[in-house]
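J.: Here is a sequence with its predicted model. Questions after.
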Amino acid sequence: MRGLEEERAYAERCREALRAMVAGARENVVVGELTWGDRYTAERLGYYLKSLARELGDEGDSPPFFGRIEYGVGGSAGEHSGQAYYLGRRHISDAIGRPPLVIDWRAPVSTAFYRAGVRDPQGVAVRRRYGWSNSTLTGFEDEQLSPPSSEGPNVKPGAGEGGGVVGGILRAEIERPRVGPMRDIVATIQPEQDELVRAELEASICVQGAPGTGKTAVGLHRAAYLLYAHRARLQRNGVLVLGPNRAFLHYISAVLPTLGEVDVEQTTVDDLLIGGKLSVRATDETAAALVKHDGRMAEILRRALYARLRPPREAVVVPDSSYRWRVNQYEFARMVEDAREEATAYGLGRERVISRLVAALQRQAEARGQNCNGVWLRRMARVVTPAVDAVWPAVKPAEVLAEFLSDPAPASDGVLSQEEQQAIAWKRPRKAGSALWTAADLVLLDEVSALVGRGESYGHVIIDEAQDLSPMQCRAIARRSEHGSITVLGDLAQGTTPWAARDWVEQLGYLGKPAAEVIALTTGYRVPAAVVAIANRLLGGLQAKVPATRSFRSDGQLAIKQTDDLAGGCVDAVRGALKDEGSIGVIAADEAIAELAAALHAGGIETVAPDGDGRVAVVPASLAKGLEYDHVIAVEPAAIAEAESRGLNRLYVVLTRAVSRLDILHHRPLPPELS
């Protein structure tokens with residue numbers, strides 16, 4: 001096995017090879033601009049070459065590899081007998097036709113690095129992990145996996161690693177401070193996580209992940225893996241990552257580019273909706289929002305749309321030179337009825353009626369020996385359109401929704417109660433152009449738009465914080481993954497919206513994948529034991545049946561302090577936290593944020609918003625989900641718990657944002673579950 005100096009020399013060799021790859025990619029961009037061929041081919045080649053050059057150039061001075069596996073001789077090693085492979089975030093090669101210096105972590109042979117163990121070494125004799133300080137290789141440690149030992153893996157620190165603690169490098173990588181955006185976890189993926197990352201493209205899976213179990217990282221790494229393994233298929237329809245808010249997207253924004261994937265669309269559910277192009281100018285009362293997000297609205301909106309259809313009252317007569325072509329009223333009615341039964345969208349049904357009317361006229365004309373060319377067919381389509389408008393009118397989704405909300409009763413009688421109808425009805429009728437749309441209205445508008453005409457669909461959709469989606473939001477996502485698969489990530493215990501899911505089976509039904517497998521991750525790698533212990537106290541009061549979290553880590557600090565001056569206590573707590581390394585998050589009920597931010601500013605402490613880049617962030621509790629900080633200062637838990645209907649769930653989220661240390665400041669008594 002190589003010593004530390006040999007490993008450092010190999011790392012430099014890999015960097016030289018990577019620099020040569022970058023130079024070659026940039027040269028190919030220049031050459032590619034002169035490529036002969038059709039315009040489309042040249043454009044696609046240029047796009048590919050520029051993307052490759054950009055991806056390689058983004059590598060900078062990051063470590064070229066994080067691990068190494070050395071296979072034994074014979075036995076289960078198979079074709080890899082006696083071979084050794086370095087693993088990194090991307091493939092590195094120094095010459096065509098020679099074995100690569102570093103293998104991409106997504107390659108099939110890399111699977112053994114993550115899943116091999118003493119009980120099942122999979123032919124691997126030694127697994128080596130490397131420790132880095134920025135771009136400097138500081139040491140390594142080896143795990144002897146075969147022959148099996150009843151005493152467990154024999155971990156030996158490499159020269160310069162120091163310490164001698166079993167699994168020290170792995171533990172240090174998991175526990176190192178969090179500053180800035182979320183990082184990838186390619187060096188620390190655990191076997192149960194790797195199985196999810198490498199699940200087949202056709203498989204839709206649901207990950208019920210306790211705080212800190214890495215469910216978000218698993219989803220992002222699965223996106224990168226699927227693009228590696230099925231690039232040709234997924235480049236056609238794309239991969240979509242959906243997050244709960246913009247702050248969360250900012251936090252995860254660096255992960256996929258680090259893994260070499262820059263063309264994945266990342267957005268929120270609200271921005272995804274077709275109505276996202278309209279501005280939200282009003283806010284629903286809770287009662288109205290609950291009704292609008294209810295799954296029953298799908299059938300109600302279908303009623304409202306198709307209520308516009310009318311039975312034909314007369315025949316369609318079309319003059320054509322010296323002839324008059326005729327479609328009888330009963331034939332016209334059958335065309336309308338057949339189209340309604342067959343069509344998957346309102347607009348498609350209307351087009352079918354027009355085309356069938358034209359076909360009927362064409363048969364009559366051709367029977368008289370007339371030549372029905374393209375010009376004739378288009379003219380006939382224009383002539384019959386007014387007749388179709390009378391029975392199957394063209395519509396605009398916003399107009400349909402505005403009419404419905406002006407008077408919900410006709411479409412919702414028998415489905416919604418009188419109170420529910422009154423909750424969503426506008427106080428006075430409005431036209432679409434003057435409507436004061438709410439966020440929930442945009443979900444309904446997306447539903448109507450889909451009823452009128454189908455939209456785009458993605459090859460794979462990854463949904464984070466999926467427990468917070470309403471049935472109508474789930475339907476919007478299901479339409480965009482109708483012909484693809486999904487990865488659902490969430491935690492029922494962290495459900496904070498009024499319509500949050502209490503059961504994954506029902507939620508998966510709304511998402512269009514009722515057969516998706518539900519897998520639970522319960523080992524928290526990010527949240528330390530001290531934080532997990534107090535957060536688990538809340539589980540009994542939550543409306544969710546989930547297993548308690550177990551922490552991989554035995555560290556962590558917890559401090560609970562009662563004070564008469566929350567603002568002053570917060571300033572003192574932040575000053576104390578600044579003495580340690582890492583990021584700091586001050587999290588409180590939304591209405592308390594302004595006062596705390598002002599107190600910190602007056603105390604000379606610079607702060608940033610949740611989506612800002614800085615060491616101290618002041619975070620409203622409603623935006624804390626998905627974020628993480630080394631040191632969290634949770635201010636007045638009682639106020640957080642009382643701020644909304646699922647306040648205890650929100651408090652559970654807030655407490656589990658802490659990666660190393662948690663301070664709880666309170667003036668009022670703590671919620672009973674924490675007392």
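T.: Ah, there it is.
J.: what's near enough to touch the spatially closest residue to P547 that is not a sequence neighbour?
T.: Among residues not flanking P547 along the chain, T522 sits closest, at 5.1 Å (CB to CB, 6 or more residues apart in numbering). Placement of C-beta: from N, CA and C, glycine included. Counting by CB atoms under 8 Å, 6 or more residues apart in numbering, T522 makes contact with 210, 213, 547-550.
J.: Give me the pLDDT value at T522.
T.: As predicted, T522 sits at a pLDDT of 91.
J.: measure it to Y330 for me?
T.: From T522 across to Y330, the span is 65 Å (CB to CB, to the nearest Å).
J.: Where do the strands of the stretch 451-600 of the chain begin and end?
T.: Taking DSSP state E, counting those that start in this stretch to define them, one finds strands in the stretch 451-600 of the chain at 460-463, 485-490, 517-521, 523-524, 550-551, 557-562, 584-588.
J.: Counting by contacts, list what the last one packs against.
T.: Spelled out, that is strand 584-588. For strand 584-588, the packing partners by 3 or more CB pairs under 8 Å, 6 or more residues apart in numbering; DSSP states H and E come out as helix 566-577, helix 593-602, strand 616-620, strand 629-635.
J.: Give me the buried positions along the last one.
T.: Read that as strand 629-635. Judged by neighbour count (16 or more other CB atoms under 10 Å), strand 629-635 contains these buried residues: 629-635.
J.: ok, these vs L670, which is closest?
T.: Nearest to L670 out of those is A634 (CB to CB; 10.6 Å).
J.: Number of residues surrounding the closest residue to V255 other than its chain neighbours?
T.: Nearest non-adjacent residue to V255, counting by CB to CB, 6+ apart: L220, 4.7 Å away. Close neighbours of L220, defined as other CB atoms under 10 Å, add up to 28.
J.: Kindly report the same for A232.
T.: By other CB under 10 Å, the residues close to A232 number 6.
J.: does it count as helix, strand or coil?
T.: helix (DSSP: H, G, I helix; E, B strand; the rest coil).
J.: which residues of the stretch 201-350 of the chain fall in strands?
T.: 205-209, 239-243, 265-268, 316-320, 323-327.
J.: For L670, find the nearest of these.
T.: Using CB to CB, the nearest of these to L670 is strand 205-209, at 26.6 Å.
J.: Are there helices or strands packed against that closest one, and which ones?
T.: Packed against strand 205-209 by the contact rule (3+ CB pairs under 8 Å, 6+ apart) you find helix 215-229, strand 485-490, helix 504-510, strand 517-521.
J.: ranking these by burial, who's on top?
T.: Ranked by mean neighbour count, those are led by strand 485-490 with a mean of 26 (mean count of other CB atoms under 10 Å).
J.: Can you give the distance of that one from its chain's centre?
T.: Distance, stretch centre to chain centre, for strand 485-490: 8 Å (CA atoms, centre = their mean, to the nearest Å).
J.: same question, stretch 568-581
T.: For stretch 568-581, the distance to the chain centre is 33 Å (CA atoms, centre = their mean).
J.: May I see the buried residues of it?
T.: 569-574, 577.
J.: for the record, mean pLDDT for it?
T.: Stretch 568-581 comes out at a mean pLDDT of 96.
J.: Show the buried residues in the contacts of T522.
T.: Here, 16+ other CB under 10 Å leaves 210, 213, 549 buried among these.
J.: Select, from the buried residues of strand 629-635, the two members most distant in space.
T.: Between all members of the buried residues of strand 629-635, the farthest pair (by CB to CB) comes out as D630 and V635, at 17.2 Å.
J.: Would you reformat the buried residues of strand 629-635 as a markdown table and include pLDDT and distance to L558?
T.: Output for these, formatted as a markdown table (pLDDT from 0 to 100; distance: CB to CB, whole Å):
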| residue | pLDDT | distance to L558 |
| --- | --- | --- |
| Y629 | 94 | 15 |
| D630 | 94 | 14 |
| H631 | 97 | 11 |
| V632 | 97 | 10 |
| I633 | 98 | 12 |
| A634 | 98 | 11 |
| V635 | 98 | 15 |
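J.: would you turn these into JSON lines with distance to R430?
T.: Formatted as JSON lines, those follow (distance: CB to CB, whole Å):
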{"residue": "Y629", "distance to R430": "44"}
{"residue": "D630", "distance to R430": "50"}
{"residue": "H631", "distance to R430": "49"}
{"residue": "V632", "distance to R430": "45"}
{"residue": "I633", "distance to R430": "46"}
{"residue": "A634", "distance to R430": "43"}
{"residue": "V635", "distance to R430": "42"}
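J.: From M1, how far out is R127?
T.: From R127 to M1 the distance is 12 Å (CB to CB).
J.: Please read the previous query as pertaining to E202.
T.: 40 Å.
J.: Give me the more crowded residue out of the two.
T.: M1 (14 against 9).
J.: Next one: that one from R68, what distance?
T.: M1 is 9 Å from R68, by CB to CB.
J.: residues shared between the contacts of the two?
T.: R128.
J.: Sketch out the helices for the stretch 351-500 of the chain, chain order is fine.
T.: 374-391, 397-406, 409-412, 418-424, 439-452, 471-480 (DSSP state H, counting those that start in this stretch).
J.: looking at the ones you listed, which is closest to D271?
T.: Once the helices of the stretch 351-500 of the chain are compared by CB to CB, helix 439-452 is nearest, at 9.9 Å.
J.: re the thing from before, adding mean pLDDT, mean neighbour count and distance to A559 as columns, could you present the helices of the stretch 351-500 of the chain in TSV?
T.: Shown next, in TSV, are those (pLDDT from 0 to 100; neighbours: other CB atoms under 10 Å; distance: least, CB to CB, whole Å):
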stretch	mean pLDDT	mean neighbour count	distance to A559
helix 374-391	96	15	71
helix 397-406	96	21	50
helix 409-412	96	18	53
helix 418-424	97	16	45
helix 439-452	95	23	38
helix 471-480	96	22	38
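J.: The ones you listed: which one's closest to D94?
T.: helix 471-480 (42.2 Å).
J.: Which strands or helices does the closest one pack on?
T.: helix 269-272, helix 286-293, helix 297-306, helix 439-452, strand 460-463, helix 504-510.
J.: who touches it?
T.: Under CB under 8 Å, 6+ apart, the answer for helix 471-480 is 240, 242, 269, 272-273, 292-295, 297-298, 443-444, 446-447, 450, 454-458, 461, 463, 469, 486, 499, 507, 510-513.
J.: Buried ones among those residues?
T.: Using 16+ other CB under 10 Å, the buried ones in the contacts of helix 471-480 are 240, 242, 269, 272-273, 292-294, 297-298, 443-444, 446-447, 450, 458, 461, 463, 469, 486, 499, 507, 510-513.
J.: rewinding a little: quick one: closest of the helices and strands packed on helix 471-480 to E591.
T.: helix 286-293 (16.8 Å).
J.: Show me which residues of the closest one are buried.
T.: 288-293.
J.: What helices and strands are in contact with it?
T.: helix 418-424, helix 439-452, helix 471-480.
J.: got the ones you listed as CSV, with distance to A359 columns?
T.: Listed next are these as CSV, based on distance: least, CB to CB, whole Å:
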stretch, distance to A359
helix 418-424, 42
helix 439-452, 23
helix 471-480, 30
